[in-house]
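Visitor: coords below, sequence missing:
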């Protein structure tokens, strides 16, 4: 699949680092005095960093970038030197991508380029949007009486910020929820999120909804999600989320079943049907 992804002109880049805080996925780092894209996996190609580059060194290009192939990425990264290799490995650790990390380490071992001290921590930008998965433990499951257990198993969840290539989306049952639903529906976690992965958005207020469709197509075709459960409010504008999902399914090579759950403004379930 061809997708948009940023490209950095190293000759123009002066290493000012103004792009770093404006990369939502934390895919950029300053290495050897230059901005580097340390992982294709977490670049969404939206170009949020472009307007913050005073030298015009960042552009959006389109190239084959999916399905994600860690070995191909390593082929591109290794020639950039040890600092970039280490930054990429740490990037995978920080985002909980243990499967891809193992592939990268296996590749380096095969090529005899395993860096010394690969476990040394390296800085990674934008920790607030860093992808992570939350394993269930006895400590997290044990809650005081009356306190509800969170069923959220990963981060981030906003549809603009998620990476469809993240390993935890692979063959998952996905809940796509309108922003308001979890506040209206008291049993949202227990009844609809348990055992599933989550993405959220607002069909009325969010911009860039074509990007939402592209990400849903990637989740269906590349992550191969099993099912898609839409949780929306009963207000008319919320139906836009169903429209986005149906457009994504129409564009996808795979087909997935869609369940539509409509929540009333008082928190009741107005309807629940496969559509």
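Guide: That came in fine, so what should we check first? On a predicted model such as this, the values are computed, not experimentally measured, just so you know.
Visitor: pLDDT averaged over stretch 255-274 - what is it?
Guide: For stretch 255-274, the per-residue pLDDT values average out at 96.
Visitor: now that stretch: buried residues?
Guide: Within stretch 255-274, the residues scored as buried using 16 or more other C-beta atoms under 10 Å are 256, 258-263. Placement of C-beta: from N, CA and C, glycine included.
Visitor: just checking the distance from that stretch to the centre of its chain.
Guide: Averaging C-alpha positions (C-alpha atoms, centre = their mean, to the nearest Å) puts stretch 255-274 25 Å from its chain's average.
Visitor: could you check how far the residue nearest to residue 64 when sequence neighbours are not counted is from residue 265?
Guide: Leaving out its chain neighbours, the residue that sits closest to residue 64 by C-beta to C-beta, 6 or more residues apart in numbering is residue 2, at 5.6 Å. Here the criterion is C-beta to C-beta, to the nearest Å. By it, residue 2 lies 42 Å from residue 265.
Visitor: repeat for residue 178
Guide: Per C-beta to C-beta, residue 178 is found 12 Å from residue 265.
Visitor: just residue 16 next, same as before
Guide: Distance from residue 16 to residue 265, by C-beta to C-beta: 48 Å.
Visitor: cool, and residue 151?
Guide: 23 Å.
Visitor: next SSE downstream of the host helix or strand of residue 110?
Guide: Using DSSP states H and E, residue 110 falls within helix 98-111. Using DSSP H and E, the helix or strand that directly follows helix 98-111 along the chain is strand 132-133.
Visitor: what is that next one packed up against?
Guide: When contacts are defined as 3 or more C-beta pairs under 8 Å, 6 or more residues apart in numbering; DSSP states H and E, strand 132-133 sits against strand 154-155.
Visitor: neighbouring strands of the strand it packs on in the sheet, and parallel or not?
Guide: Neighbouring strands of strand 154-155 in its sheet, by DSSP bridges, are strand 132-133 (antiparallel).
Visitor: and the end-to-end length of stretch 36-49?
Guide: 12 Å (C-alpha to C-alpha, to the nearest Å).
Visitor: quick revisit: quick one: the buried residues of stretch 255-274 as CSV, columns for distance to residue 56 and secondary structure too.
Guide: Shown next, in CSV, are these (distance: C-beta to C-beta, whole Å; DSSP: H, G, I helix; E, B strand; the rest coil):
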residue, distance to residue 56, secondary structure
256, 41, coil
258, 43, strand
259, 47, strand
260, 45, strand
261, 47, strand
262, 47, strand
263, 47, strand
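Visitor: so which bits of the helix holding residue 110 are buried?
Guide: Buried, per 16+ other C-beta under 10 Å, within helix 98-111: 100-101, 103-105, 107-108.
Visitor: now for the residues you listed, which pair is the farthest apart?
Guide: For these, the maximum inter-member distance is 12.8 Å, found between 100 and 108 (C-beta to C-beta).
Visitor: for the buried residues of stretch 255-274, which one is nearest residue 187?
Guide: residue 263 (10.3 Å).
Visitor: that closest one pairs with what?
Guide: residue 233, residue 269.
Visitor: so residue 273 is in which element?
Guide: Going by DSSP H and E, residue 273 is part of strand 269-274.
Visitor: let me redo that: residue 29
Guide: Using DSSP H and E, residue 29 falls within strand 28-31.
Visitor: pLDDT weak spots in the stretch 1-150 of the chain?
Guide: For the stretch 1-150 of the chain, residues meeting the criterion pLDDT under 70 lie at 1, 23-26, 42, 44, 65-68, 91, 94-97, 114-131, 136-147.
Visitor: where do the strands of the stretch 151-275 of the chain begin and end?
Guide: Using DSSP state E, counting those that start in this stretch, the strands of the stretch 151-275 of the chain run over 154-155, 173-178, 197-201, 227-233, 258-263, 269-274.
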